[in-house]
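J.: Fold the stuff below for me.
(one chain, ligands or ions: 1)
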Amino acid sequence: MTTDILSLAGKTALITGASRGIGRAIADLFAGHGAEVVLCSRKQESLDEAATEIRARGGKAHAIAAHMGRQQEIHALLQQLAARSLHVDILVNNAGISPPHDHALVDTTEALWDKIMDVNLKGPFFLSAALGKQMAARGGGSIVNISTTSALMAQPEIGAYCVSKAGLNMVTRCFARELGPKGVRVNAISCGVIKTAMGDHTLNDPERLADMMKVNPLKRVGFPEEVARTALFLASDASSYSSGVILQVDGGVLS
Ligand SMILES: NC(=O)c1ccc[n+]([C@@H]2O[C@H](COP(=O)([O-])OP(=O)(O)OC[C@H]3O[C@@H](n4cnc5c(N)ncnc54)[C@H](OP(=O)(O)O)[C@@H]3O)[C@@H](O)[C@H]2O)c1
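T.: Residues are numbered from 1 along each chain as shown. Predicted coordinates for the structure are as follows:
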């Protein structure tokens with residue numbers, strides 16, 4: 001008898017930023033591998049559409065709106081999960097925002113800095129703390145953070161974004177150490193340019209794209225489904241001995 005090492009049957013997975021792009025691809029793939037998925041982002045309507053499509057394919061999906069940059073909405077999300085008796089085994093911190101690319105780092109306002117840190121770093125930190133504690137109490141779980149090559153390569157035009165994601169990488173490693181003894185694995189995916197609404201900013205700028213391709217051994221952009229397959233690996237028992245890893249899905253840019 002063979003068992004599917006990538007199966008998520010019996011697991012509940014919360015994916016933030018799941019209405020489109022990388023998060024949507026992760027939600028679709030996880031549901032297809034048997035997980036009961038909880039889709040989260042700011043707009044209830046787009047979440048409902050995504051959840052309806054998953055259910056139409058025979059999957060189990062819930063849609064709960066929450067702004068990852070607002071602590072009171074994260075608390076409300078946690079209350080909603082409890083009220084629906086949804087015990088999260090897998091958390092994917094995927095929701096993220098980037099500043100406008102034409103922004104000089106020295107001109108970063110406090111408001112922009114706070115907005116980026118709140119969504120990309122503070123939200124994932126506190127959601128991981130709350131759900132990581134619950135996973136630990138139940139004997140295990142998996143947290144996957146969606147990071148970027150920009151966390152390791154300084155790009156001043158999106159400097160606050162780079163700093164926030166570098167912080168997320170360290171959040172990954174700190175929680176991996178603290179929660180590992182309790183059976184909770186914590187890993188991150190370091191994405192290169194991926195074809196989504198956010199990635200389009202680079203894709204629609206031929207000069208910028210050409211520069212990026214010079215250092216990309218695979219000479220192409222990535223697709224959300226390629227990130228989703230790596231997230232499935234990290235969420236499932238296929239990666240049972242991996243924790244604290246920042247795994248590159250970037251076409252080899254950091255090689
Ligand atoms: N695409 C790339 O090239 C690339 C490269 C490296 C890393 N990444 C990372 O990958 C992740 C996903 O990016 P993507 O390219 O898939 O972006 P995207 O297509 O713009 O999707 C972003 C998702 O996050 C949600 N979202 C945005 N702000 C939110 C907030 N404050 N609270 C909750 N949800 C929020 C959006 O839905 P609503 O608008 O409904 O809230 C949407 O579902 C991000 O963390 C990003 O930094 C992307």
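J.: For the rest of this, base every contact and every neighbour count on C-alpha atoms.
T.: Noted.
J.: Show me where the stretch 1-150 of the chain has its strands.
T.: 12-16, 36-40, 60-63, 90-93, 141-148 (DSSP state E, counting those that start in this stretch).
J.: ok, residue 249 touching residue 227?
T.: Yes. Here residue 249 lies in contact with residue 227, judged by C-alpha atoms under 8 Å, at a distance of 6.6 Å.
J.: between those two, what contacts are shared?
T.: Residues touching both residue 249 and residue 227 by C-alpha atoms under 8 Å, 6 or more residues apart in numbering: 189, 191.
J.: Residue numbers of the stretch 1-150 of the chain in contact with the ligand?
T.: By C-alpha under 6 Å from any ligand atom, the residues of the stretch 1-150 of the chain that approach the ligand are 16-23, 41-43, 66-69, 94-97, 119, 146-148.
J.: In a markdown table: the strands of the stretch 1-150 of the chain, plus distance to residue 189.
T.: Shown next, in a markdown table, are the strands of the stretch 1-150 of the chain (distance: least, C-alpha to C-alpha, whole Å):
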| stretch | distance to residue 189 |
| --- | --- |
| strand 12-16 | 14 |
| strand 36-40 | 19 |
| strand 60-63 | 24 |
| strand 90-93 | 10 |
| strand 141-148 | 5 |
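J.: mind listing the strands for the stretch 151-255 of the chain?
T.: Counting by DSSP E, counting those that start in this stretch, the strands of the stretch 151-255 of the chain are 184-191, 246-249.
J.: So which of the ones you listed is nearest residue 199?
T.: Residue 199 sits nearest to strand 184-191 of all the strands of the stretch 151-255 of the chain, at 10.4 Å, using C-alpha to C-alpha.
J.: which intervals of this structure have sub-threshold pLDDT?
T.: 1-2 (pLDDT under 70).
J.: what separates the closest residue to residue 80 other than its chain neighbours from the ligand, distance-wise?
T.: In this structure, residue 80 finds its nearest non-sequential neighbour in residue 64, 7.8 Å apart by C-alpha to C-alpha, 6 or more residues apart in numbering. Distance, residue 64 to the ligand, by C-alpha to the nearest ligand atom, to the nearest Å: 10 Å.
J.: residues contacting residue 64?
T.: So residue 64 contacts 38-41, 44, 47, 77, 80 (C-alpha under 8 Å, 6+ apart).
J.: quick check, nearest of those residues to the ligand?
T.: Taking C-alpha to the nearest ligand atom as the measure, the ligand sits nearest to residue 41 out of the contacts of residue 64, at 3.5 Å.
J.: I'd say that closest one and residue 21 touch.
T.: No. The criterion here is C-alpha under 8 Å, and residue 41 misses it with residue 21 at 11.7 Å.
J.: of the two, who's got more company?
T.: Each of residue 41 and residue 21 has its neighbours counted (other C-alpha atoms under 10 Å); residue 41 has more, 23 against 20.
J.: Does anything pack onto the longest helix anywhere in the chain? Which helices or strands?
T.: Longest helix in the chain, counting residues (DSSP state H): helix 159-179. Counting contacts by 3 or more C-alpha pairs under 8 Å, 6 or more residues apart in numbering; DSSP states H and E, helix 159-179 packs against helix 110-117, helix 123-138, strand 141-148, strand 184-191.
J.: Residue 11: which of these is closest?
T.: Closest approach to residue 11 among those is made by strand 141-148 (9.3 Å; C-alpha to C-alpha).
J.: Let me know the angle separating that closest one from helix 159-179.
T.: 160 degrees (axes from the mean of the first three to the mean of the last three C-alpha atoms, to 10 degrees).
J.: Strand 141-148 pairs with which strands?
T.: With DSSP bridges as the test, strand 141-148 is paired with strand 90-93 (parallel), strand 184-191 (parallel).
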